[in-house]
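**Q** Sequence and predicted structure, then a few things I'm wondering about:
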Amino acid sequence: MTTPSDETPGGPADRTCERTRSWCDEAIRRVVADANRSADTHLHVFPLPESWGIDLYLKDESVHPTGSLKHRLARSLFLYGLANGWIREGTTVVEASSGSTAVSEAYFAQLVGVDFVTVMPRKTSPEKIALIERYGGRCHFVDIPADMYTEAERLAAEPGGHYMDQFTYAERATDWRGNNNIAESVFEQLALERHPVPEWVVVGAGTGGTSATIGRYLRYRRHRTRLAVVDPENSAFFPGWVTDTPDYATGMPSRIEGIGRPRVEPSFVPSVIDMMIPVPDAASIAAMRHLNDVTGLCAGGSTGTNLWGVWQLAARLLAEGRTGSIVTLICDGGDRYRHSYYNDEWVASQGMDLAPYRAAIDTFLAKGTWHPPA
């Protein structure tokens, strides 16, 4: 019951609704409980020649409930939206994504009991659409990929809508100081290894959130580890970083799902990156397939992009006569890409020849010399 002072200008105004806070409390409990039920992701060792004195570790993010690194991001974005009061009972969460982020956000939307809509290109693979719909998400299609942003904003502007906007909030939704973020997890898992502080961590950039979290953590903890970010063809991140142009844009989509963007996104923090490495798409797919052949680990194209960068950095350590460790990520599972990256007909249709890149990897691992295709 309100008092007269509650209704007069200048009097106290109580906007807290017991039901609203109770719903939010329960939603946050569900999201945190989901994390609490999940064991940490594995840190696999890739077999390198013992004489090199170099250890390579792959943190397997494909084992998350939704199968990718984006599970961490979606969890952080939902907690951020809930804690800010942006996501409430009856909210429709809207995102611009045709990839793994949409799958993971659909999962968390279903977990807390809100509707989820993702805006995606009409040519998105049936496998991705099916994964999103499995978790109760709805796919809204656009014919021009660049229209995803504005269409998502338009849908979210309708009553009860909230635009999650992963490309803006990825770098701020995750606690880069620790709190079991991916960087803290890696260093805890390396504690008993012979090189517990890696020389390099290698990741790609989709939103830029992962590289921002890791780069900030390395500086905060005063580790000597350097951060390398790999970037596929058509992406704006590498040229934007090299030229120090924060609004650089290529206007072209990446063929390597999950990383690379046609514009430099707001969550990309270039100042925490020590090196960027451009990677041909054929090299990404060749490295991804090589990983599967050697270890049995079936990963997506962005993992191959990571590995192509790893081989260059390992070759540098060898040339300098140094030992140490390198850490990279298995970003998602390869089952999502049976129709594309693991399909020889699809690869040929894209005009890619994997043989020279595969030969470069084989030669490097056999002889320790790095001679990539011209």
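**A** Perfect, I can see it now.

**Q** Export stretch 325-338 to CSV, keeping only CA atoms.
**A** Below are the C-alpha coordinates for stretch 325-338, written out as CSV (Å, rounded to 0.1, in the frame of the first residue of the first chain):
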residue,chain,number,x,y,z
SER,A,325,54.7,-23.8,-23.5
ILE,A,326,51.9,-22.5,-25.8
VAL,A,327,48.2,-22.6,-25.0
THR,A,328,45.3,-22.4,-27.5
LEU,A,329,41.7,-23.3,-27.6
ILE,A,330,39.5,-25.9,-29.2
CYS,A,331,36.6,-23.5,-29.8
ASP,A,332,33.8,-25.9,-30.8
GLY,A,333,33.2,-29.4,-32.1
GLY,A,334,33.6,-30.5,-35.7
ASP,A,335,30.2,-32.2,-36.0
ARG,A,336,28.7,-28.9,-36.8
TYR,A,337,30.8,-28.6,-39.9
ARG,A,338,30.4,-32.0,-41.6
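
**Q** mind listing what's buried in that stretch?
**A** For stretch 325-338, the buried set under the neighbour-count rule, 16 or more other Cβ atoms under 10 Å, comprises 325-334, 336-337. Every C-beta, even on glycine, is put in place using the N, C-alpha and C of the backbone.

**Q** now do stretch 36-50
**A** Neighbour counts over stretch 36-50 (16+ other Cβ under 10 Å) mark 41, 43, 46 as buried.

**Q** contacting residues around it?
**A** 54-61, 63-65, 180, 185-186, 189-190, 291, 294-295, 297, 314, 327, 330, 365, 368 (Cβ atoms under 8 Å, 6 or more residues apart in numbering).

**Q** about what we covered before: just give me the closest of the buried residues of stretch 36-50 to Gly208.
**A** Nearest to Gly208 out of the buried residues of stretch 36-50 is Thr41 (Cβ to Cβ; 20.6 Å).

**Q** okay, and the helix or strand of this protein with the least pLDDT?
**A** helix 4-7 (a mean of 45; mean pLDDT, DSSP states H and E).

**Q** mean confidence score for the helix or strand just after that one?
**A** Note on helix 4-7: by DSSP states H and E, the next helix or strand toward the C-terminus is helix 18-37. What helix 18-37 shows for mean pLDDT is 92.

**Q** What segments of the stretch 101-250 of the chain are helices?
**A** 126-134, 148-156, 166-173, 182-189, 209-220, 237-243 (DSSP state H, counting those that start in this stretch).

**Q** For the third one, name the packing helices and strands.
**A** Helices and strands touching helix 166-173, by 3 or more Cβ pairs under 8 Å, 6 or more residues apart in numbering; DSSP states H and E, are helix 70-83, strand 92-96, helix 209-220.

**Q** same thing but 7 Å
**A** Secondary-structure packing of helix 166-173 (3 or more Cβ pairs under 7 Å, 6 or more residues apart in numbering; DSSP states H and E): helix 70-83, helix 209-220.

**Q** In this structure Thr328 contacts Gln312, no?
**A** No: judged on Cβ atoms under 7 Å, Thr328 makes no contact with Gln312 at a distance of 11.9 Å.

**Q** How much space separates the residue nearest to Ala249 when sequence neighbours are not counted from Tyr341?
**A** Of all residues not flanking Ala249 in the chain, Arg263 sits nearest, at 4.1 Å (Cβ to Cβ, 6 or more residues apart in numbering). Separation of Arg263 from Tyr341 (Cβ to Cβ, to the nearest Å): 24 Å.

**Q** the more surrounded of the two?
**A** The neighbour comparison of Arg263 against Tyr341 (other Cβ atoms under 10 Å) goes to Tyr341, with 24 against 19.

**Q** SS state for the more buried one?
**A** Following DSSP: H, G, I helix; E, B strand; the rest coil, Tyr341 is assigned to coil.

**Q** And it, what's its pLDDT?
**A** On pLDDT, Tyr341 comes in at 96.

**Q** ok, it to Ile259 distance?
**A** Tyr341 is 13 Å from Ile259, by Cβ to Cβ.

**Q** before we move on, the earlier item: please tabulate the buried residues of stretch 325-338 in CSV, including the columns pLDDT, distance to Ile144 and secondary structure.
**A** Shown next, in CSV, are the buried residues of stretch 325-338 (pLDDT from 0 to 100; distance: Cβ to Cβ, whole Å; DSSP: H, G, I helix; E, B strand; the rest coil):
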residue, pLDDT, distance to Ile144, secondary structure
Ser325, 98, 44, strand
Ile326, 98, 39, strand
Val327, 98, 38, strand
Thr328, 98, 33, strand
Leu329, 98, 31, strand
Ile330, 98, 32, strand
Cys331, 96, 26, coil
Asp332, 95, 25, strand
Gly333, 93, 29, strand
Gly334, 93, 29, helix
Arg336, 85, 24, helix
Tyr337, 92, 24, helix
